[in-house]
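Asks: Here you go, sequence then predicted model.
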Amino acid sequence: MKINKKLTFISLFSGSGGFKIGFEEAGFQCLLSSDMGKTSELTHNKNFKNTPFLLKDVRTIKTKEVLKLTKNVKPDVIIGGPPCQGFSVMGDKNSSDPRNELFKSYVSLIKDLHPKCFVFENVKGLSTMYRGQFLEELINDFAACGYDIHFKIINAFDYGVPQLRERVFLVGTNQDKNFDFPKADGKKFGKLKSYVNVKEAIFDLINESRDFPNHIPLNHSETVTKRYRLIKEGGKLPPPNKLPKSIRRENFGNTYVRLHGNKPSFTMVPGNNAFPIHPKLHRSLTPREAARIQTFPDTHIFQGNRREQCILVGNAVPPLLSAKIAKEIKQHLLDVNYKADNKNLIRKRFEHKAFKLLKFQSKQKSKTFLDLFSGAGGFSAGLKKAGYAHILSADNDKSVIQTHKFNFPNIPIVQDELQSKEAEEKILKIINNRKVDLLVGGPPCQGFSIFGNRRFINTKAFKPKSDKRNNLVLKFWRYVELIKPTWVIMENVAGFPSLENGYFLRKIVTLLPRIGYSNFDYRIINAADYGVPQKRKRFILIANKNDHLIPWPKPKFFAEPKDWQRPYRTVGEAITDLSTNKSRIRFQNHEPMKHSREISDRYSYVKEGKKMDTSQLPKKLKLAKYTGKPIKNFSHVYRRLHRKEPSIALVPGHNAFPIHPWLNRLITAREAARIQTFPDKLIFKGSSKDQCIQVGNAFPCLLAELLGQTIIKTEKNNWTSKNVSKLANYSLLDKWYYKDKFKK
């Protein structure tokens, strides 16, 4: 049946526009494309001059911005594939990669714009990595927005793309009718050509000059070219012992693999030197050759330098595959005679029972952990996401107990003073001699913190050794001695090592070998280096009972990044969607403080990213309302966050959080929790003051998850100081730190 009606769509994470090309070829009209990459914008403007483009991180996009650009037209369909490095076999396979949280922003826009259908694409690893927990959560989130979810792993080769490229596709529909993914079809679609193999796709380009768009060969060194000459068509580089000594190296990824002309290509992946070797020529593919294999038309021009072009091509959804999915969705929406049997339906909308991928319910036992001085559960939430099984928590704060029981209802929590004999007996009874793989804890740190008594050392008779809170640090290690976990993580404020000229740290360092932990290390790390949108420095000590490497993860975010590095995550990325009035209804713990008119007016004079300059205040705002004395600018009370920078370190307290970047109020407990990387589903209990204290005291969930994952990988791969793979040093571990460490 021929259908002429023009359906509309929005393309998120648009990249080079492969997804968009396919939908337009199927007769859809694009209202808006969006991506945060500058080369994506340049490529869009070169090829799609009549379609608006929003250059912005999806985490900072507001629904009203989208509707302004679409002239208040809501789309029939939303398409997009968020960056996938956390799940890709070519990436770090890191569930704590903050880019994985882009999925949440995708869901949020689906919820607000409520299209008839959406199409979500991602790497195949999304379905299996971390026992499928991300896919489960994503499917449940989409279904909660009112969509039936259809799931399929599609190989692009089955649809006329000369490439073995498997990808996860989710199609969500809120229509009361069935849907099926398109049947395998190797034919062309409109202007989009299909190819049987690599030869058919690219051999006509062999004699084309560099003037052909994006047909830029990489200038390989003589050594690399010599290696290429030894690789047979469809083969790999021979093992090092079969190579001349002058050109030996280990094979790595796609770099030394030659395509076969009479077969489909394997998956194109992004990167300047990541494309495979031409079947006949002794060089890697050009961006144009890779684009042909991706079924881009030659008229589509990629912008940027060669490296950027390769990334745009490698990340794209093949336009031919996109067109065939788009055609099926069009028929689903418009054809009254459309028939489907829902064979790929995986979740019905609004089902009460959460969806679980049964095939990933592993019988293998998870690693276990205990969380002492657990607070709101930053460590617990992060380690659970890393794959650990939670045995027990302990704390003495009443509101913390409420928060724990609400969020971890099946996990026992000991409510007692942990230095007491009674608490010790309760904890040991619950553990009941079970093996504990990891014990974590952050003993209360006010005695060490610059926001605690240390500020008053010169004005009070402050004695660190007699501060009971500081003695809890030593009690923590008493529990370690009794429980004998394989691994231990203790965290504290950055000032911990220097208190009393290092007295407490020396006590611990002396104690550890005596209780069986000769293998330990400690550092002060900045959470911002690992994707937490907050400059939060913390002392971390890791110890284990065996000879495994103490696995400090590699920093992946930078204050002053190079071209290939990622910048620090920002406050705007974390909390932009919480700035609307509607968000107060949607999210818990998100009730702003009720400031007086005078306080709000005072906040309005604080510039973004700055402290309040009292000299700039009008006279009526310079004096405190009740005392009549000049106001003072305390460290955090009158400081405004900047939306394009990470937050300053959040500190506990009802009135201690900083000012919102653009609203004249303090950030809420939920906004602070986002900055601390808590999931929105974790709810804080107690008064508003209690909630703020819990959030401010917490250990960032994302950092806990990363540390937990790195420990699991260390054990699984048996990494020691003498046994670490090159790949681990390259992508996971802070190799420069270890290099210096082992020299000493």
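Replies: That came through, no problem.
Asks: And stretch 367-380, how far out from the chain middle?
Replies: 21 Å (CA atoms, centre = their mean, to the nearest Å).
Asks: Determine how far the last residue of that stretch lies from the first.
Replies: From the first residue to the last, stretch 367-380 extends over 13 Å; the measure is CA to CA, to the nearest Å.
Asks: average pLDDT across it?
Replies: The average of the pLDDT scores along stretch 367-380 is 96.
Asks: Also stretch 41-48?
Replies: Mean predicted lDDT for stretch 41-48 stands at 98.
Asks: Give the buried residues for it.
Replies: Residues of stretch 41-48 classed as buried by neighbour count (16 or more other CB atoms under 10 Å): 41-44, 47-48. Heads up, the C-betas are built off the backbone N, CA and C, glycines and all.
Asks: who touches that stretch?
Replies: Stretch 41-48 is contacted from outside by 14, 16-17, 20, 30, 33, 35, 51, 53, 55, 300-304, 312, using CB atoms under 8 Å, 6 or more residues apart in numbering.
Asks: switch to 7 Å and redo it
Replies: 14, 16-17, 33, 35, 53, 55, 300-304, 312 (CB atoms under 7 Å, 6 or more residues apart in numbering).
Asks: Out of those, list just those in helices.
Replies: Members of the contacts of stretch 41-48 lying in helices (criterion: DSSP state H): L312.
Asks: ok, which pair from the contacts of stretch 41-48 is furthest apart?
Replies: Greatest spatial distance among the contacts of stretch 41-48 (CB to CB): L55 and H300, at 19.3 Å.
Asks: Would you reformat the buried residues of stretch 41-48 as TSV and include distance to A389 and secondary structure?
Replies: Putting the buried residues of stretch 41-48 into TSV (distance: CB to CB, whole Å; DSSP: H, G, I helix; E, B strand; the rest coil) gives the following:
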residue	distance to A389	secondary structure
E41	45	helix
L42	48	helix
T43	46	helix
H44	46	helix
N47	50	helix
F48	49	coil
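Asks: Looking at those, which is nearest P646?
Replies: Using CB to CB, the buried residues of stretch 41-48 come closest to P646 at E41, 24.5 Å.
Asks: distance of the closest one from R674?
Replies: Remark: distance between E41 and R674 (CB to CB, to the nearest Å) = 27 Å.
Asks: Kindly report the same for K421.
Replies: On the measure of CB to CB, K421 and R674 end up 40 Å apart.
Asks: Looking at these two, which is more packed in?
Replies: R674 (27 against 9; other CB atoms under 10 Å).
Asks: Now the nearest residue to the more buried one once chain neighbours are set aside, what are its backbone angles?
Replies: Leaving aside its chain neighbours, R674 sits nearest to A574 (4.4 Å; criterion: CB to CB, 6 or more residues apart in numbering). Note on A574: its backbone torsions stand at phi -80, psi -40 [degrees, to the nearest 10].
Asks: OK, contacts around A574?
Replies: A574 neighbours (CB under 7 Å, 6+ apart): 533, 674-675.
Asks: Keep only those of these that are in helices.
Replies: 674-675.
Asks: now the helices for the stretch 251-400 of the chain?
Replies: Using DSSP state H, counting those that start in this stretch, the helices of the stretch 251-400 of the chain run over 287-293, 306-315, 319-334, 378-386, 398-407.
Asks: returning to that earlier point: who has more neighbours out of L55 and H300?
Replies: Neighbours were counted for L55 and for H300 using other CB under 10 Å; H300 has more, 22 against 15.
Asks: sec struct for Y522, please.
Replies: Under the three-state scheme (DSSP: H, G, I helix; E, B strand; the rest coil), Y522 adopts strand.
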